[in-house]
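**Q** need a structure here:
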Amino acid sequence: MADTNYEGFWNETMSRLRTDLGEEEFVSWFSDLKYLRAGKNTITIGVPSTFFRDKVKSRYQNSIKTSLKGLAGREIGLEFEVVEGSKAENTPVRPEVAPKSGGSAEKSKGNAPTGVDTGAATPAVKVKKGKHPQMRDDYIFDKYIIGGNNNFAANAAIAISRNPGTAYNPFLIFGGVGLGKTHLMQAIGNYIYESSDSKVICISSENFLNEYLAGIAENKMNVFKNKFRYTDVLLIDDIQFFQDKPGVQEELFHTFNTLLDAKKQLVFTCDRPVSELKKFSERLMNRFEQCLKADLQPPRYEERCAILKSTAESRGASISDEVIDLVSKNISSNVRDLISALNTLIAYSELMGQTISLEIAQQRLRDAFVSPRQANLSIENIQRVVAEYFSLTPNDLKGKKKTQNIVFPRQLSMYIAREMTDYSTTELGQAFGGRDHTTVMHSIDKIKAQLLTDPSLDSTIESLKRSIKEFSAKS
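**A** Numbering: from 1, shown residues only. Reported below is the predicted structural model:
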């Protein structure tokens, strides 16, 4: 069968997918795909990156093949080929203003080969930009491992990067330390910066504050306002830093409104849910509540393995599956700790010229494998914070009542105390009304089991831990 017939099947399949998925999702995933060629029973499709290849294969390949089979009357296989520059070929180019006379456009037309259409619609060759001065060039989607802990956030970020300022605007990514908030935010910025002429500003909340203060001190607030209110994309990292700073909050509020009204993209990160921000103006809080919010959770075991393998491959390091398994089982806190442990092993291997065995990994990472404890935290402070969170008293947690509204907070406070302190289960039992250590162990096991079925509980625990640390620091 002729290759053009396959292209017709492909085009019809894309038309059907556009209808089934909706314009937003279709444009996010398929606008950069390109029909390349066909074999006897296969179609080869060009994709802009391995990231898009893997996502299209995992999410849409079955639907595409089903449609092709219905059209062709037989199975048609799909092959994917990463094509350098395919994104640029399919990215709309802003129309250029043609010179009135004697300009470079005329010269280009005169130099064109015979038979080539050099009309005004011909796009100019897209020149690859240099690194954005405010963003890391390795913080891209291709290097972001997607799993159950971050799937929603990652897919929202991809959709935003393809259609900034539209449905998912503004966007807020929140979660604990080292979970990839900054990476995901900058991946949005890097994609938009590389694929369009949009002006992108990426800044930490601390630097935003410093520029605001400098604008006041130097009587140049107009410069500050013009910089941040006349951009296409504004990315601000760690907005919790604005707590108890009413002046910069006021300025951010007006910047927020100006950009949103102009349909410019806003992306923020925060180390906690918006509801836990303290000493924020009510109207700025209302603006953040308008955001599409995505919660990043600590990676699960399978995701930790994938992160370690991907990072090792990118570094050209050979790390055995047994060592990957060891590290993944012993470090579950966040991505940053995982990568730090891996870097330790890679550095040792390079410097000592040795292959990393299980024994070497256990020896080099023995400190990282020990869960850090907060020696300055008291059980009393933990009980007080947890009790207040559930509208109880510390005596309720230490008492004998077994109603569900008390039993669960009691078990949760025991679990958190075991996580954050060095107290034994026997000592914890004494602090919780003279209970036996087996009761404490049972409570901890109950919370562990619930964490496997209720992902939201992890967020609650992390929130309580932050509150306990803050409370203890003030005590």
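
**Q** so residue 318 sits right up against residue 355, yeah?
**A** Yes - contact criterion Cβ atoms under 8 Å: residue 318 and residue 355 qualify, at 7.2 Å. Every residue, glycine included, has its C-beta placed from N, CA and C.

**Q** so where do the strands sit in the protein?
**A** Ranges of strands in the chain, per DSSP state E, are 34-38, 42-47, 77-82, 171-175, 200-204, 233-237, 265-270, 292-296.

**Q** Tell me which of these sits nearest to residue 141.
**A** Evaluated over the strands of the chain, closeness to residue 141 peaks at strand 42-47, with 12.5 Å, by Cβ to Cβ.

**Q** about what we covered before: with mean pLDDT, distance to residue 425 and mean neighbour count added, can I get the strands of the chain in JSON lines?
**A** Formatted as JSON lines, these follow (pLDDT from 0 to 100; distance: least, Cβ to Cβ, whole Å; neighbours: other Cβ atoms under 10 Å):
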{"stretch": "strand 34-38", "mean pLDDT": "87", "distance to residue 425": "61", "mean neighbour count": "17"}
{"stretch": "strand 42-47", "mean pLDDT": "89", "distance to residue 425": "53", "mean neighbour count": "20"}
{"stretch": "strand 77-82", "mean pLDDT": "88", "distance to residue 425": "53", "mean neighbour count": "14"}
{"stretch": "strand 171-175", "mean pLDDT": "93", "distance to residue 425": "30", "mean neighbour count": "25"}
{"stretch": "strand 200-204", "mean pLDDT": "96", "distance to residue 425": "42", "mean neighbour count": "20"}
{"stretch": "strand 233-237", "mean pLDDT": "97", "distance to residue 425": "40", "mean neighbour count": "24"}
{"stretch": "strand 265-270", "mean pLDDT": "96", "distance to residue 425": "35", "mean neighbour count": "26"}
{"stretch": "strand 292-296", "mean pLDDT": "90", "distance to residue 425": "31", "mean neighbour count": "20"}
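
**Q** Any chance of JSON lines for the ones you listed, columns distance to residue 429?
**A** Below are those laid out as JSON lines (distance: least, Cβ to Cβ, whole Å):
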{"stretch": "strand 34-38", "distance to residue 429": "65"}
{"stretch": "strand 42-47", "distance to residue 429": "58"}
{"stretch": "strand 77-82", "distance to residue 429": "58"}
{"stretch": "strand 171-175", "distance to residue 429": "33"}
{"stretch": "strand 200-204", "distance to residue 429": "44"}
{"stretch": "strand 233-237", "distance to residue 429": "43"}
{"stretch": "strand 265-270", "distance to residue 429": "37"}
{"stretch": "strand 292-296", "distance to residue 429": "33"}
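
**Q** Residue 428: what's it in contact with?
**A** 379, 414, 417, 418, 437, 440 (Cβ atoms under 8 Å, 6 or more residues apart in numbering).

**Q** For the spatially closest residue to it that is not a sequence neighbour, give me its contacts.
**A** Here the nearest residue to residue 428 in space, its sequence neighbours aside, is residue 440; by Cβ to Cβ, 6 or more residues apart in numbering that works out to 4.8 Å. For residue 440, the contacting residues are 414, 418, 425, 426, 428, 429, 432, by Cβ under 8 Å, 6+ apart.

**Q** picking up where we left off before, who wins for most neighbours among the contacts of residue 428?
**A** residue 414 (29 neighbours; other Cβ atoms under 10 Å).

**Q** separation between that residue and residue 425?
**A** Going from residue 414 to residue 425 by Cβ to Cβ, to the nearest Å gives 9 Å.

**Q** Find residues that contact each of these two.
**A** 440, 444.

**Q** pLDDT below threshold where in the stretch 351-475 of the chain?
**A** The model of the stretch 351-475 of the chain has pLDDT under 70 over residues 370-376, 475.

**Q** Count the residues that sit near residue 314.
**A** Residue 314 is flanked by 11 other residues according to other Cβ under 10 Å.

**Q** same check, this time on residue 468
**A** Other residues near residue 468 come to 24 when the count uses other Cβ under 10 Å.

**Q** can you offset everything so residue one is 23?
**A** With 23 as the first residue, the last one maps to residue 490.

**Q** my guess is it meets residue 404, correct?
**A** Yes - counting by Cβ under 8 Å, residue 404 is a contact partner of residue 490 at 5.5 Å.

**Q** Give me the common contacts of those two.
**A** Joint contacts of residue 490 and residue 404 (Cβ under 8 Å, 6+ apart) are 438, 442.

**Q** Could you check how far the residue lying closest to residue 94 once chain neighbours are set aside is from residue 91?
**A** Of all residues not flanking residue 94 in the chain, residue 31 sits nearest, at 5.6 Å (Cβ to Cβ, 6+ apart). Applying Cβ to Cβ, the value for residue 31 to residue 91 is 10 Å.

**Q** next one: residue 367
**A** Distance, residue 367 to residue 91, by Cβ to Cβ: 47 Å.

**Q** neighbour count winner among the two?
**A** Each of residue 367 and residue 91 has its neighbours counted (other Cβ under 10 Å); residue 367 has more, 20 against 13.
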